[in-house]
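Trainee: Here's a sequence, model it:
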Amino acid sequence: MKIKINPPFIKLEQFLKFAGITETGGQAKQLILNEQVFLNNEICVQRGKKLYENDVIKVFGLPYEYKCIF
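Mentor: Prediction:
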């Protein structure tokens, strides 16, 4: 699933909320700290990790691709 967002980057925690994967920042934080979030096929435990266009985030086995729109 491609998630299109206007800014050139977004933080991982914000992306999880924006994409509807989690409802709150607390839920996003727990997913990340529990090593359930993959960024470009690697576990990512940095909540503030900046995502850039074409980064692929995988949660619960589902891939989400970050797309920037201008």
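Trainee: ok, longest helix in the protein?
Mentor: Assignment by DSSP state H gives helix 25-33 as the longest helix of the chain.
Trainee: name the element the closest residue to residue 1 other than its chain neighbours belongs to?
Mentor: Counting by CB to CB, 6 or more residues apart in numbering, residue 1 lies nearest to residue 64, which is 5.4 Å off, once chain neighbours are set aside. In this view, the C-beta of every residue, glycine as well, is placed from N, C-alpha and C. Assessed by DSSP states H and E, residue 64 sits inside strand 62-68.
Trainee: which other helices and strands contact the helix or strand of the chain with the lowest mean pLDDT?
Mentor: When the helices and strands of the chain are scored by mean pLDDT, DSSP states H and E, strand 2-5 comes last with a mean of 72. Applying 3 or more CB pairs under 8 Å, 6 or more residues apart in numbering; DSSP states H and E, we find strand 2-5 packed against helix 12-18, strand 62-68.
Trainee: Tabulate those (JSON lines), appending mean pLDDT and distance to residue 31.
Mentor: Shown next, in JSON lines, are the helices and strands packed on strand 2-5 (pLDDT from 0 to 100; distance: least, CB to CB, whole Å):
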{"stretch": "helix 12-18", "mean pLDDT": "94", "distance to residue 31": "7"}
{"stretch": "strand 62-68", "mean pLDDT": "90", "distance to residue 31": "12"}
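Trainee: If anything else comes up later, I'll come back, but that's it for now.
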